[in-house]
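Novice: The following block contains a protein sequence and its predicted model.
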Amino acid sequence: MLNLYKLEIFVTVVQAGSFSAAAERLLMTQPAVSQHVQDLEAGLGTQLFTRGRRGVSLTPAGETLYEYTRAIFRLVAEAENAVTDVQHLASGHVTVGATPGVSVYLLPDWVQLFRAEFPNLTVSVQTSTTPQIVTDLASGRLDLGFVEGELEAADEARLGVQPLEEVEQLVVVGPRHPWWDQKTVSLAALSGQSFVMRQRSSQTRIWLDELLLRHNVRYHISAEFDNMESIKRAVLNGAGITILPEYAVRAEVELGRLQTVKIAEHPFQRTLKVVWGAEIYFSPVVRSFLSFLSRYLPSLKENGMLSRKKP
């Protein structure tokens with residue numbers, strides 16, 4: 001009889017492309033992974049993989065088993081979701097990766113409210129870059145990712161992607177800046193300004209540099225930092241202006257420490273997205289977390305994401 005544990009190892013080898021990569025994902029030794037696959041092949045009396053220098057590829061029998069295995073795990077996930085009552089679980093865990101702005105300014109409040117409703121469930125949030133989140137989702141180290149960074153076409157092919165909302169990026173100024181009392185500013189007025197920005201390797205910085213260049217905005221760099229808190233502090237102290245999402249400076253604006261100014265004719269926007277591994281099935285705990293978030297992010301419900309049997 002087929003063993004679900006061995007089938008899980010088989011699927012991981014297929015998705016990872018090699019025994020060594022699968023062993024890394026599964027936190028096992030390569031010989032142990034190889035032995036489980038050999039046991040599976042012996043039990044079926046057929047070869048599932050063709051071994052090569054660059055990894056493994058499925059034989060025709062392996063292709064057939066892979067399709068059946070995906071269907072089996074889909075049914076297991078559906079059964080688990082159908083009968084699990086998360087309110088009465090003794091424990092449960094969701095691991096989320098998020099880009100810096102989302103992990104610092106949005107997720108903490110959402111997680112706290114979720115925990116108030118589901119005190120036995122835990123949400124672990126890891127701050128990372130968009131490329132690293134994509135890698136960690138593909139390897140199964142994360143259940144979900146929340147990103148504002150742009151995705152490569154190759155990444156979108158191996159991910160599930162759900163746009164959540166458009167996030168307007170606003171000019172942020174300190175009390176001594178001439179724009180302090182302005183509600184809007186023209187795009188042309190950004191030319192000649194001193195900017196406080198993220199480091200050059202940041203996707204946010206690359207996105208903003210390209211956008212300003214596209215609109216012929218010539219600017220000076222007064223300082224570069226690898227986190228938003230340092231950027232805000234520099235702007236507060238008069239180092240220049242910056243461009244940040246509204247949620248990142250909400251507290252400082254309410255306290256009168258910073259001010260936001262809209263860009264009049266060409267507002268800058270980025271898309272907040274939730275992403276997940278295309279081959280991953282949502283557990284009841286993950287699904288409950290997403291359902292909870294749909295109260296604050298209606299597109300999770302409106303676009304049918306929560307009704308999908310397979311993400």
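Specialist: Happy to help now that I have it.
Novice: next one: stretch 169-176 to chain centre, how far?
Specialist: Distance, stretch centre to chain centre, for stretch 169-176: 28 Å (C-alpha atoms, centre = their mean, to the nearest Å).
Novice: Okay, buried residues for it please.
Specialist: For stretch 169-176, the neighbour count (16 or more other C-beta atoms under 10 Å) marks Q169, L170, V171, V172, V173, G174 as buried. Backbone N, C-alpha and C define where each C-beta goes, glycine included.
Novice: Could you give the bridge partners of the first one?
Specialist: This means Q169. Here Q169 shows beta-bridge partners P245, F268, assigned using DSSP bridges.
Novice: thinking again about what came up before, biggest separation within the buried residues of stretch 169-176, which pair?
Specialist: Greatest spatial distance among the buried residues of stretch 169-176 (C-beta to C-beta): Q169 and G174, at 17.5 Å.
Novice: Give the rounded mean pLDDT of the longest helix along the chain.
Specialist: Here the longest helix in the chain is taken by residue count, with DSSP state H as the criterion, and it is helix 60-83. Average pLDDT, helix 60-83: 87.
Novice: How far off centre is that helix?
Specialist: Counting by C-alpha atoms, centre = their mean, helix 60-83 is centred 25 Å from the centre of its parent chain.
Novice: With respect to G277, which of the buried residues of stretch 169-176 is nearest?
Specialist: Of all the buried residues of stretch 169-176, Q169 has the smallest distance to G277: 28.5 Å, by C-beta to C-beta.
Novice: any idea of the pLDDT on the closest one?
Specialist: The predicted structure scores Q169 at 95 on the pLDDT scale.
Novice: how near is it to V83?
Specialist: 44 Å (C-beta to C-beta, to the nearest Å).
Novice: ditto for T204
Specialist: 43 Å.
Novice: between those two, who's got more neighbours?
Specialist: Under the criterion of other C-beta atoms under 10 Å, the comparison of T204 against V83 puts T204 first, with 23 against 8.
Novice: Quick one: classify that one as helix, strand or coil.
Specialist: Assigned with DSSP: H, G, I helix; E, B strand; the rest coil, T204 falls in the helix class.
Novice: ditto for the one 5 residues further on
Specialist: In three-state terms, and counting by three-state DSSP, D209 is helix.
Novice: Quick check on S288: phi, psi?
Specialist: The phi and psi values for S288, taken as degrees, to the nearest 10, are phi -70, psi -40.
Novice: now it: how far from S91?
Specialist: In this structure, S288 lies at 13 Å from S91, with C-beta to C-beta as the measure.
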